[in-house]
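**Student:** Here is the input, now give the coordinates:
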Amino acid sequence: MADDEKNPAREVITDYAQSHFRYFRTADGTVYAQRNGHPVARPIRSQGTTGSHRQELMVGLYRDGLGVFNGTALKEALDLIEALALTEDVQPVYIRVAPGFDGATWLDLGRSDGQSVRIHPTGWDITVPDPREVCWRRTQLTGELPLPARDTDGKGIDLLLRLCNFATAETECLAIAWLIGCLGPSVPVPAPFLTGPQGAGKSTGGRMLVRVIEGMSGDLRRAPKDEENLIAAVAAGWVTALDNLSHMTPDLSDAMCCIVTGAENVKRALFTDGDVFRARYRRPLLLTGIDVGVIRPDLAERLLPLRLERPRVRRTEAELWQEYAEALPVVLGSLLDLTVKVRAAEAETPTDLRMADFAHLCAQLDAATGLGALAAYRASLDDLNDDVIEGDLLAQTVLRHAAELEPGAGQRMTSTEWLHCLSRLYAGEDFRPLPKGWPTTGKVLSDRLKRLQPTLAARGVLIDSGRTKEGRYIEMTRSPAPPAPEQEPAF
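**Tutor:** Okay, the predicted model is just below:
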């Protein structure tokens, strides 16, 4: 009997694959292949432009002298491998940043040799991770980072801030806090919104911040036209950077809130009737623009405004990016040094801010460096509250009405009564027409007030709702004035 009859092609391929690769599945059932001793994993059904597992097998079989096999044999072998892998243990895959053992975190440098940075409580090291600890997933958006420099003495942070045109020291420390937050796989961070006058270098500054984490190939992109394309772009990379936003639709605003704090998208799997495809995502997000118009209150709590100023001296793109590329290893090394120092610092977690994890990180940064990041973060949220109020006529009208209440006093009415009250106050004695988007029913007004609750509370107006025997009500209360500080008696 001939050798090829004793060992069919599919068996040769299967034996070769199982001896050179490790196969496992993720929680959503996707089967991945990982070359022995290498941390990068590829889905076995992928036909992506970064290289598929099928191509890996074909090249390996050819180079090891086992021959060239046809597509039918490869398909049958992969079908069997996929079925066997579904019985293996579940292991997650990560893009760019991952949790490790013993409280460590990992940063994928995007290198072909698999070298990554392990950030642990006492420092950081460059090494190839154990494939059973970290599995990297790479896409076209995964750029290569340089090997970070050691013993930088913080020079890299100064180099980065000198290249960017941040307007104030408070803005600089918030940018640093955001970069440290990007190295944490489980810490949701607010989205920096780079703003400033025309010519302030917002796009350039955004690219510089992104490329500290994503490498020199990291770039800004236009906002996708629909949520499905936005989710696909977010899931394929770590930092998502949207450039030159001039208008923010309600759908885009809601999608950005989900990106920052995390969500899951479920849709029907292709070529099936009953199966679904799940995509979980929570990613660092960065935005640039001069003015995006009205900012919704829920997004405002997730933004981090970073204001830039126009540079006094202009430089060519080639000169600027050459200097940046030369400084990037030092910048990355300094950022890693500071991250270790900040994570080791002890600080209390502020309990009054929505993004509590980032607020705690700012407090740790203050404890480690004394920069005043937490105060700057609070001030930035106050500015955003002002922006929300300036763009919302209903919020302005509520504040006008609340100003007539006694401190500590409340007023209770139904939503319909509140609608008539606030509409009359806005129209005034000259009966000016109500603006477009003004609530038309009590239910719409109630929903709008719920959305504005945090913004109004920051200005001392508390909105509450409840039910009595007569029906539902909305109560508006003006916070009591803080007590005046006691004066020492004069002698």
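**Student:** so what's V212 up against?
**Tutor:** 160, 179, 328, 331-332, 335 (Cβ atoms under 8 Å, 6 or more residues apart in numbering). In short, each C-beta sits where N, CA and C put it, glycine included.
**Student:** repeat for L299
**Tutor:** Counting by Cβ under 8 Å, 6+ apart, the residues that L299 touches are 248, 253, 256-257.
**Student:** List of residues touching the host helix or strand of R162?
**Tutor:** Per DSSP states H and E, R162 falls inside helix 155-163. The set of residues external to helix 155-163 that reach it, using Cβ under 8 Å, 6+ apart, is 149, 172, 175-176, 208, 212, 320, 323-324, 327, 330-335, 338.
**Student:** And those residues, which of them are buried?
**Tutor:** Buried members of these, counted by 16 or more other Cβ atoms under 10 Å: 149, 172, 175-176, 208, 212, 324, 327, 330-335, 338.
**Student:** so where's the stretch 151-300 of the chain shaky on pLDDT?
**Tutor:** Applying pLDDT under 70 to the stretch 151-300 of the chain flags the ranges 264-279, 292-294.
**Student:** Next, the residue nearest to Q453 when sequence neighbours are not counted: secondary structure please.
**Tutor:** Leaving out its chain neighbours, the residue that sits closest to Q453 by Cβ to Cβ, 6 or more residues apart in numbering is I463, at 5.1 Å. Assigned by DSSP: H, G, I helix; E, B strand; the rest coil, the conformation of I463 is strand.
**Student:** so what's I463 up against?
**Tutor:** 449-450, 452-453, 456-457, 474-476.
**Student:** switch to 6 Å and redo it
**Tutor:** When contacts are counted by Cβ atoms under 6 Å, 6 or more residues apart in numbering, I463 touches 449, 453, 456, 476.
**Student:** count of neighbours near the first one?
**Tutor:** In terms of burial, L449 registers 22 neighbours under the definition other Cβ atoms under 10 Å.
**Student:** Could I get the contacting residues of the spatially most central residue of the chain?
**Tutor:** With distances taken as Cα atoms, centre = their mean, P284 lies nearest the centre of the chain, 1.9 Å away. With contacts defined as Cβ under 6 Å, 6+ apart, P284 is in contact with 182, 189, 239.
**Student:** I'd like the distance from the last one to D383, if you could.
**Tutor:** Put plainly, it is V239. Separation of V239 from D383 (Cβ to Cβ, to the nearest Å): 24 Å.
**Student:** Over to A409?
**Tutor:** Counting by Cβ to Cβ - A409 and D383 are separated by 29 Å.
**Student:** Looking at the two, which one has more neighbours?
**Tutor:** Using other Cβ under 10 Å as the criterion, A409 and D383 rank with D383 on top: 14 against 11.
**Student:** Compute the first-to-last residue distance for stretch 144-152.
**Tutor:** For stretch 144-152, the first and last residues are 21 Å from each other (Cα to Cα, to the nearest Å).
**Student:** Check what contacts that stretch and list those residues.
**Tutor:** Under Cβ under 6 Å, 6+ apart, the answer for stretch 144-152 is 109-111, 215, 328-330, 332-334, 336.
**Student:** on that earlier part again, quick check, nearest of the contacts of P284 to K75?
**Tutor:** Set against K75, the nearest of the contacts of P284 by Cβ to Cβ is V239 (36.8 Å).
**Student:** who's in contact with that closest one?
**Tutor:** 210, 213-214, 284.
**Student:** and these, which are buried?
**Tutor:** Buried among the contacts of V239 by 16+ other Cβ under 10 Å: 210, 213-214, 284.
**Student:** Backbone torsions only: list them for the residue nearest to the centre of the chain.
**Tutor:** Main-chain dihedrals, P284, degrees, to the nearest 10: phi -60, psi 140.
**Student:** and the gap between V331 and N36?
**Tutor:** 34 Å.
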